[in-house]
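**Student:** what follows is a predicted protein model with its sequence.
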Amino acid sequence: MGGSLLRAAQTTTSTTTSDQTTWSGVYTEAQAKRGEALYADKCSSCHAPDLTGLDQAPALAGNDFNTNWNDLSLNDLFERIHISMPGDKPGTLSRQEVADLVAFILQRGNFPAGQAELSTQAEALKGIKFVAKKP
């Protein structure tokens, strides 16, 4: 299942239009905190409390995750979560909940927080490139 989700995400790859990356501080600590609570409630039973993945649910942190999403836009990750999660009720998360979850995932991946919350708008998210390695 994880591989098919990645292939689906790669077929909808967006071109980024700005210099923002996952290293630009694109979420806030408070937003990641909200995402952490939501993750514990809605995601951890499948993706594991430490984001390492379980059974058919892929890891949401670590080298494989970073490699899989590298060079895609944050909109690709955002939309994959928005459309397909949670696994038992796909598409039921609000855009704000998804933004909070992405913020938490970024925080756990050691990407820095910033002063502004991660947007819920596709155009803004398309302008943020997922860059796995710190420049």
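**Tutor:** On my side now, so go ahead.
**Student:** can you give me the strands for the chain?
**Tutor:** 20-21, 128-129 (DSSP state E).
**Student:** and these, which is most packed in?
**Tutor:** Each of those was scored by mean neighbour count; the highest is strand 128-129, a mean of 24, by mean count of other CB atoms under 10 Å. All C-beta atoms are positioned from the backbone trio N, CA, C, and that covers glycine.
**Student:** give me the most central residue, the chain.
**Tutor:** In the chain, the centroid-proximal residue (CA atoms, centre = their mean) is residue 102; its distance is 3.6 Å.
**Student:** tell me where the protein has helices.
**Tutor:** Applying DSSP state H to the chain gives helices spanning 2-11, 29-42, 44-47, 63-69, 74-84, 95-108, 122-126.
**Student:** quick one: average confidence on the first one?
**Tutor:** This points to helix 2-11. Here helix 2-11 scores 42 as its mean pLDDT.
**Student:** cool, and the fourth one?
**Tutor:** The predicted model assigns helix 63-69 a mean pLDDT of 96.
**Student:** need the contact partners of that helix.
**Tutor:** 6, 9, 51, 58, 59, 76, 77, 109, 130, 132, 133 (CB atoms under 8 Å, 6 or more residues apart in numbering).
**Student:** where does this structure dip in pLDDT?
**Tutor:** Along the chain, segments meeting pLDDT under 70 span 1-18.
**Student:** and of the contacts of helix 63-69, the nearest to residue 118?
**Tutor:** Closest approach between those and residue 118, by CB to CB: residue 77, at 10.7 Å.
**Student:** ok, that closest one - contacts?
**Tutor:** 9, 69, 102, 105, 130.
**Student:** same question, residue 133
**Tutor:** Residue 133 is in contact with residue 66, counting by CB under 8 Å, 6+ apart.
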